[in-house]
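1. Would you be able to build a 3D model of this:
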Amino acid sequence: MEKPPIMNPFRRRFLGSSSVLLGSALLEALTSPLWKWKRSLLLEADATTNPQTPKPSVPTSPATSPVIFADVAREAGLNSPNVWGSVDRKQYIIEAKGSGLAFFDYDNDGWLDIYLTNGTRFNTNWPPGKAPTSHLYRNNRDGTFTDVTEKSGLARTAWQTGVCIGDYDNDGWDDLFCCFWGHNILFHNNGDGTFTDVTRKAGVYDEQIRWGSGCTWLDYDRDGHLDLFVCHYIKLDPEKTPSPTEPPVCQWKGIPTMCGPRGLPGDTNLLYHNNGDGTFSDVSEKSGILKPGPRYSITPVSYDFDNDGWPDIYVAVDSQPSILFHNNHDGTFTDVAVIAGCAYSENGHEQAGMGVAVADYDCDGWLDIFKTNFADDTSNLYHNNGDGTFSDVTFASGLGVNNQYVAWGCGFVDYDNDGWPDLIQVNGHVYPEIEGHDTGQTFKNPRLVYKNLGDGRFRDVSAQMGPGISERFSSRGAAFGDYDNDGNIDALILNMNDLPSLLRNDGGNKQNWIKIKLVGTACNRTAIGARVRVVTAKHAQMDEVHSGTSVMSQSDLRLHFGIGKAQKVDLIEVKWPTTQKLERFTDVGANQILTIREGSGIVAAVKPKTK
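-> Next comes the predicted model:
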């Protein structure tokens, strides 16, 4: 990498970020060709002396995969393009960050609907009726969707970033919290296909102009009512932020770019406590959420990482240490990410955390964390050691083979139903200006798929997975779920300044599966925080109902488990979050969508037709 010139203090202030690497000699060294060559030699030598350390995988022939992902967005009727800043040049960081989307069943008909966020452009006067808006699509149950945005009341023209789903008032209809650069909005689901903005009424309106990024619903005090955690990214004021149209201030690999995040002021996160009457109280300070101080937070997730029965919160943070809030069982949290080993890379470096996926990938009974990062760095796989700590096993697991992409949305997805969670990652650079420059990277990128080998290792099988994976976009948000109810997991992806992708999984249901929708009664009705354990013979899997995740996105709230060749599930065990009571179900037939209501058992079982 070319050494940067000496710069004045103002210019230096905006250098050294996830996107602007010129301000850090250390990062320059770690991403240089010499370091990459040395690292490859070290890995090769370690693989020779330690057979447990895998060599970088080589994708096999595309003809060998039994599963293909096909992008069917257009034929499904998803014809609303994303609009997000300038196409060819990004003036401010908001134009580069992008946003998320959601799979959720807003009308309770058992089929996943789609919510697409949207943005806008600076200095654009849109003709009447032509301004970009968010969109709601109803699932027609035949592989197609109908745009019902106008009737729903959800249309907004603004920089909308994150989205998360949860039934905050326990009325039986999942509600929608949406993050914006501006003011966040809580949309109440009226149960008739319409939504109402209740942000002020519910007490979650913020008078400040803030950049909300991701969010997650959780019941942190286990009182049966969903609370709300909201990330804020940067205190962005374009009037005080240099842009590439001015004399060059910020660069990436010698190319003038927009500035940030480093050099711009970070913001603090918020925790709202649900009062149980449709309103919330801001408990950010007394809960300890403010103690880490301002951070460039992007995506939060809530799971019980230490198996103590209380939901914790992990936050992917850009260009600063990520956060793990341990739940102290008394309404407070403590950030333990540093001592737990999931704040930095394995070498102790800050990273540009974007997205988060959580699963028990090795089926040892403890939830692990996958975090995506910026280009010239790998994503992280943090293995849960079961003692309150994590180990960074990115390279040992085989996931360290790709570092050329800016990585965003991600998910643990058992795409072939073999009982082992695989990984899907979407990518997209933040600088369209790099096109035509010899940086070794491009603005539009393919997706990545890693197959779980069942022994703690993954293999890059992206080249086998079809055009839905190989096609190139600058993608951001990703949500995962079975939109056609055929027994395998599909993917919904937001592509910057392009149509979305709807990746239909073709072939994943050749093996067996079980899908579980939980309905809480004593706990929150969405059953967020409920844990399910599925046992077939000697193989045990588990997952939790969760809100948020990926990058600023929402996936299917139903839990999906591949069970391979097994014709039945020997044991389904549900642990409800408020009471911590266990319910067990034995000898359950495969290939069904079960609805389990707390205290009432299995109240519905649907065996859908497969493709």
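
2. all strands of the stretch 401-550 of the chain, in order?
-> Taking DSSP state E, counting those that start in this stretch as the criterion, the stretch 401-550 of the chain contains strands spanning 407-413, 422-427, 448-452, 458-460, 475-481, 490-495, 501-506, 512-519, 531-536, 539-544.

3. mind checking how far the first one is from the chain centre?
-> Read it as strand 407-413. 6 Å (Cα atoms, centre = their mean, to the nearest Å).

4. can you put the strands of the stretch 401-550 of the chain in a markdown table and add mean pLDDT?
-> A markdown table is the format used below for the strands of the stretch 401-550 of the chain (pLDDT from 0 to 100):
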| stretch | mean pLDDT |
| --- | --- |
| strand 407-413 | 98 |
| strand 422-427 | 98 |
| strand 448-452 | 98 |
| strand 458-460 | 98 |
| strand 475-481 | 98 |
| strand 490-495 | 98 |
| strand 501-506 | 98 |
| strand 512-519 | 98 |
| strand 531-536 | 98 |
| strand 539-544 | 98 |
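
5. looking at those, which is closest to I255?
-> strand 422-427 (18.8 Å; Cβ to Cβ). (Each C-beta comes from the backbone N, C-alpha and C, glycine too.)

6. Paired strands for the closest one, with orientation please.
-> strand 407-413 (antiparallel), strand 448-452 (antiparallel) (DSSP bridges).

7. The closest residue to K581 other than its chain neighbours: what's it in contact with?
-> Excluding its sequence neighbours, the residue lying closest to K581 (Cβ to Cβ, 6 or more residues apart in numbering) is K575, at 7.4 Å. K575 sits next to 530-533, 581-582 when contact means Cβ atoms under 8 Å, 6 or more residues apart in numbering.

8. Give me the distance between the two termini of stretch 583-597.
-> Its first and final residues considered, stretch 583-597 spans 10 Å by Cα to Cα, to the nearest Å.

9. what bits of the stretch 201-350 of the chain have low per-residue confidence?
-> Low-confidence segments of the stretch 201-350 of the chain (pLDDT under 70): 243-248.

10. who's in contact with D175?
-> For D175, counting by Cβ under 8 Å, 6+ apart, the contacting residues are 165-169, 186-189, 195.

11. Tell me how far it lies from N524.
-> For D175, the distance to N524 equals 11 Å [Cβ to Cβ, to the nearest Å].

12. what sits in contact with each of these two?
-> Any residue near both D175 and N524 by Cβ under 8 Å, 6+ apart counts here, and that gives 166-167.

13. circling back to that earlier point, just among the contacts of K575, which is most surrounded?
-> A530 (26 neighbours; other Cβ atoms under 10 Å).

14. Isn't that residue up against P577?
-> Yes: judged on Cβ atoms under 8 Å, A530 makes contact with P577 at a distance of 5.5 Å.

15. Find the residues that touch each one of those two.
-> Both A530 and P577 are contacted by 520, 523, under the criterion Cβ under 8 Å, 6+ apart.

16. Can you tell me the closest non-neighbouring residue to the residue nearest the centre of the chain?
-> What sits nearest the mean C-alpha location of the chain, by Cα atoms, centre = their mean, is S550, with 0.8 Å. Nearest residue to S550 in three dimensions, chain neighbours excluded: G409, at 4.4 Å (Cβ to Cβ, 6+ apart).

17. Share the number of residues neighbouring the one you found, please.
-> Residue neighbour count, defined by other Cβ under 10 Å, stands at 35 for G409.

18. pretty sure it is touching I493, no?
-> Yes: using Cβ under 8 Å, G409 is in contact with I493, at 6.7 Å.

19. Overlap of the contact sets of those two?
-> Joint contacts of G409 and I493 (Cβ under 8 Å, 6+ apart) are 426, 475, 477-478.

20. So which residues of the stretch 101-250 of the chain form strands?
-> Applying DSSP E, counting those that start in this stretch to the stretch 101-250 of the chain gives strands spanning 101-104, 113-116, 135-139, 145-147, 159-166, 175-182, 185-189, 195-197, 210-218, 227-232, 250-252.

21. Next, give phi and psi for I94.
-> phi -60, psi -30 (degrees, to the nearest 10).

22. So it sits against A158, correct?
-> No: using Cβ under 8 Å, I94 makes no contact with A158, being 11.0 Å away.

23. ok, those two, which is more surrounded?
-> Legend: neighbour count by other Cβ under 10 Å for I94 and A158, higher for I94 (24 against 19).

24. any idea how far I493 is from the more buried one?
-> In terms of Cβ to Cβ, I94 sits 20 Å off from I493.
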